[in-house]
Every structure is written in C-alpha cells, then in structure tokens.
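S.K.: return atomic coordinates for the entry below.
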Amino acid sequence: MNISFLQNKDIFSNSLLISFSGFLIISFFLIFGRRLKLAVQLERFGLPIAVISGVAGISIGPYGLIHFLSKETTNVWSNFPTPLLSLVFATLMMGRPIPNINGLVKPILNQFLLALSLGFGQFFVGGLVVKYLLAPHMDINPLMGCLIEVGFEGGHGAASIIGESFNRLGFSEGLDLGLAMATMGLLSSSLLGSIFIFIGRTLRLSDTEEIIDNKVILNSNLETEFFADLKILLINLGFAGLAISFGLLLLQFLKYISNFLGDFSREIIFSLPVFPLILIGSLLIRYILEKTNNTDFISNILQREIGILSTDLLIFTAMASLDIATVFENWVLILLLTIFGLLWNLICIAYFAYFIFDDYWFEKSLIEFGNSTGVVASGLLLLRLADPKNISKTLPIFTSKQLFAQLILSGGFFTVIAPLVISKIGLDYWTDICALITFLIFISAFLFNKNISTSIQ
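M.R.: Presented below is the predicted three-dimensional model:
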C-alpha cells in the first residue's frame, strides 16, 4: 500500500520543505538515539545506530516496503551526501592537533601504500570483471571498469562529479550506476565492518578498550549558559564553513587558470571534487590557529561530534535515497562488481595486515577497509567503534596519510582521469597499467619493511 504520507499533506506541498523538515527530525533522533542504552549496547557489538536508521530509511522510502517517504523527498536527500562529506573533511584535521610525525613516518607510509594498492587494485579488478565476466554476455561500456573505485573509494560525492564526465563520454547511465555502487559500498562497509568488529572483540584481535560514553561536552563548565554554548557551536561551525569555503575558492581558482591550459587539463580540473581541497583548508586553518596560540577557539570534542553527526546523516541519507529500481535493473552488474570489489579489498588488507603492519594491524586495516569501501566517513565510524580512545594512534596516521592519498585516489587525480584515459587508450591498456602499479606497490611495501627490519636487527 502506497502511503506517501508526507507528500499528500497540503502544508507540506513543497518537497524542499518536506525534505528539510525530515532531515531535522532524523538529525534529532540520531543525536539522542546515540545516547540511549540500546544504541550503546548495539555499538558494543559493532552495529552503529546510523546503519539501523539507514535500513529503516530504505524500508520506508519510495522503493521500500512502506512508501512513507515520497520520491521527491529522497531525491532532495540524494544531494545531501556531498555537503555532509564536505563537513566530515572540514572537521577531520581541524578538531585534532597536527600530529607530530616523528616516529610515524613508517606507519604513515605503510598506510599510504595500502590506500594506493586498494585504489589501483579496484581499477584493475573492475577492468577484469568487465572484460571477462560482463562483456561476453551483455552490451557493456568500457567505462564500467571505473565503477568500483568511483563508487567504493570515491563515494557519492565523487560518483556525482565523475558522472558528469561519464555523460560527456557517452556513458549516460554511469551516474546512476556510480551512485548505486557508492551506496552498496557504504552498506557493505557498515555491515561487514560491524561483523569484523564483533569478531575482533570476540577473538581479542584488538588491544584497545571497547567503548566510551559519547556525551557531548562543549566546555568544562557544566553550568555554562545556553547562549554561551550556542556561541561556541556557531564559532566551530564557522571554522568548518571557512575550511569548506577555502576548498571551494581554491577549486574556482583552478578552474579559472584552466582557461590558459589545454583541453585535457581543463577537463581534469573541471572534474575534480572539492573534498581534497577542503582537507587542505582544514589543515591550514588548524596550523594557523596553533601557530598563533588561538586553538581555544576550537572545541576538539565539538568538531568531533560535528563530524560524527555528519557521518551518521550521510549514511542515512545515502541509504534512504537509494534508487532500488536502478539496482534491480542492473543487479547482475552491481552484484558482480560489489563482490569482486569486496574480495579485492579483503585480500589486499590481509596482505598488509600479515606482511606489513607491525602493531595494531586490526585498527589500521579496519579504518582502511571502511575508507576503501564506503569513503572516509565509514572508516572513521568503524575506527570510532573499534578504538574510541585512539589507543592505537591510528587516527593521526590515517589523517596524515589522507593529505596525500586523497589527492591521488578517492576522487583525486587518478579517479578523475580514469574515464578520460580509458576513452583514449581503451580499457585493456588501463587495466594493465593499474595491475602493474598495484604489483609494484605490493613489492615496494614488502621490500621497504624488510629493509627496515633488517637494519634494526
């Protein structure tokens, strides 16, 4: 039975008003839902409340069991992952002291090599699946070889932007398939990550403590007046907005100078997502505040909570706005790419966990699994569940690595040029190039760590 409750009320005739009102309601329930005893118990088992909310969102959406939400509402929500992910990147560096990389060069480099092997390997595996499993049985566009990396590593934001490149190159369904892959990756990351956390705690694979109380404290004085707390909130949101503005202005500047460059360079710049540039802005603002001794303006806890809420909302809106019809129409393609993408991620992470990482391999692998399957927000969510007190020191390693990896993959340079290169040289050559790069990364990581170990002995 199609209820479409919100759509039929005259007071909610404006779909934007409906969507925004629903967004605020979901935000309210996510904030206070994480304070409930049941939610804390679920997180102990590795199942975040955002994933449960997301599954509920699918079930009450226009393609779910109960059509409570109209298609107009979820269409508006489908645009939310990009600004929400921008908030995640804006708070990623700003809410934490800039890490001292002394003694962390090797861990950061290993984490960076893992990220590169995952991303280039997804291009490699995607090419193999398209060429040997899909092409012999159906009419396939070679650009489908990009979908695993665009959807898994890049997420909804990158899929939306790269979808424009797909459309210009004659792959009109690329946007919908990219968004579907991003949602499948997000869902897989959350569900499998929860299972991994449960297994890790059962087998005691993690040496970190399980959970902490997630109470939001704006400052040390619990009797602070409402308007003082509101002022702190607005200041912190303002700094996050400043980091986003920096990224947007830098992107506009790059687009301006692209007028003096060639057509290929111009197309690359116009396909760049803003997230890596926002991350640079977040780091720059934090650096200026630290150098001027003004870090008191920033509440580390509040910045973390803004990032957490943005992550939860991103997961919910992405899952609730999933176009099930597109998934059903291309279920074979999406299922195969998802399965082989996940298999590659697990194989690659297992290699680094066994041969490369010295300590806290579980936390380092878990955050990268989330990042390479459901974007950075998923990785941060899984790490928050597995290591809430950052005992493993994985978070500064990961954030330092992101400054470099985000510019290359996950919506960075190679994600952007992949469709353009495939259209120029073909999928076969691109797959071979990515296979060679992945193999060289594996060998380099092994030899680097072997030489380090030998020199220590």
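S.K.: give me the low-pLDDT residue ranges for this protein?
M.R.: Applying pLDDT under 70 to the chain flags residues 1-25, 28-51, 103, 205-227, 323, 451-457.
S.K.: longest helix anywhere in it?
M.R.: Secondary structure assigned by DSSP state H gives helix 226-257 as the longest helix of the chain.
S.K.: who does the next helix or strand after that one touch, helix- and strand-wise?
M.R.: Next helix or strand after helix 226-257 toward the C-terminus (DSSP states H and E): helix 263-271. Where contact means 3 or more C-beta pairs under 8 Å, 6 or more residues apart in numbering; DSSP states H and E, helix 263-271 is packed against helix 155-168, helix 226-257, helix 413-425. Yep, even glycine has a C-beta here, placed from its N, CA and C like the rest.
S.K.: got the angle between helix 263-271 and helix 226-257?
M.R.: For helix 263-271 against helix 226-257, the angle by axes from the mean of the first three to the mean of the last three C-alpha atoms, to 10 degrees is 170 degrees.
S.K.: list the buried ones in helix 263-271?
M.R.: By neighbour count on 16 or more other C-beta atoms under 10 Å, the buried set for helix 263-271 is 266-271.
S.K.: for that helix, C-alpha coordinates in CSV please.
M.R.: Provided in CSV are the C-alpha atoms of helix 263-271 (Å, rounded to 0.1, in the frame of the first residue of the first chain):
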residue,chain,number,x,y,z
ASP,A,263,41.6,21.0,-23.2
PHE,A,264,42.7,17.8,-21.4
SER,A,265,43.9,19.7,-18.3
ARG,A,266,40.8,21.8,-18.3
GLU,A,267,38.6,18.7,-18.3
ILE,A,268,40.5,17.2,-15.4
ILE,A,269,40.2,20.3,-13.3
PHE,A,270,36.5,20.7,-14.0
SER,A,271,36.0,17.1,-12.9
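S.K.: neighbouring contacts of it?
M.R.: 161-162, 164-165, 254-255, 258-259, 261, 413, 416-417, 420 (C-beta atoms under 8 Å, 6 or more residues apart in numbering).
S.K.: that one versus helix 155-168: what angle between them?
M.R.: Using the same axes, to 10 degrees: helix 263-271 against helix 155-168 is 140 degrees.
S.K.: any residues touching the helix or strand just after helix 263-271, and which ones?
M.R.: Scanning forward in sequence from helix 263-271 by DSSP H and E, the next helix or strand is helix 275-291. With contacts defined as C-beta under 8 Å, 6+ apart, helix 275-291 is touched by 85-86, 89-94, 96-98, 157-158, 239, 242-248, 250-251, 294-295, 297-298, 402-403, 406-407, 410-412.
S.K.: buried subset of those residues?
M.R.: The buried subset of the contacts of helix 275-291 (16+ other C-beta under 10 Å) comprises 85-86, 89-94, 96, 98, 157-158, 239, 242-244, 246-247, 250-251, 298, 402-403, 406-407, 410-412.
S.K.: what about the closest residue to Glu164 other than its chain neighbours, distance to Ala445?
M.R.: Closest residue to Glu164 apart from its sequence neighbours, by C-beta to C-beta, 6 or more residues apart in numbering: Ser271 at 7.0 Å. Taking C-beta to C-beta, to the nearest Å as the measure, Ser271 falls 29 Å from Ala445.
S.K.: cool, and Lys71?
M.R.: 46 Å.
S.K.: give the other helices and strands that whichever helix or strand Leu113 is part of contacts.
M.R.: If you go by DSSP H and E, Leu113 is part of helix 105-128. Packed against helix 105-128 by the contact rule (3+ C-beta pairs under 8 Å, 6+ apart) you find helix 147-148, helix 331-355, helix 361-386, helix 394-408, helix 413-425, helix 427-456.
S.K.: right, and Leu113 touches Phe446 too?
M.R.: No: judged on C-beta atoms under 8 Å, Leu113 makes no contact with Phe446 at a distance of 9.8 Å.
S.K.: tell me which of these two has more neighbours.
M.R.: With neighbours defined as other C-beta atoms under 10 Å, Leu113 and Phe446 compare such that Leu113 has more, 21 against 15.
S.K.: verify the stated contact: Val327 with Ala180.
M.R.: Yes: Val327 lies in contact with Ala180 (C-beta under 8 Å); the separation is 5.3 Å.
S.K.: between the two, point out the one with more neighbours.
M.R.: A count of neighbours by other C-beta under 10 Å puts Ala180 above the other of Val327 and Ala180, at 27 against 19.
S.K.: show me the contacts for the residue nearest the centre of the chain.
M.R.: When C-alpha atoms, centre = their mean is applied to the chain, the residue found nearest the centroid is Val375 (1.8 Å). For Val375, the contact set (C-beta under 8 Å, 6+ apart) comprises 85, 153-157, 182, 185-186, 410.
S.K.: before we move on, back to that, can I have the buried ones of the contacts of helix 263-271 as a PyMOL selection?
M.R.: Of those, the buried ones go into a single PyMOL selection, burial set by 16+ other C-beta under 10 Å:
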select buried, resi 161+162+165+254+258+416+417+420
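S.K.: output the contacting helices and strands for the helix or strand that contains Ser194.
M.R.: According to DSSP H and E, Ser194 maps onto helix 174-202. Helices and strands touching helix 174-202, by 3+ C-beta pairs under 8 Å, 6+ apart, are helix 49-59, helix 147-148, helix 155-168, helix 300-320, helix 324-329, helix 331-355, helix 361-386.
S.K.: about what we covered before: pull out the buried positions in the helix holding Leu113.
M.R.: The neighbour-count check on helix 105-128 (16+ other C-beta under 10 Å) flags 107-128 as buried.
S.K.: hang on, isn't Leu309 packed against Ser27?
M.R.: Yes: Leu309 lies in contact with Ser27 (C-beta under 8 Å); the separation is 6.9 Å.
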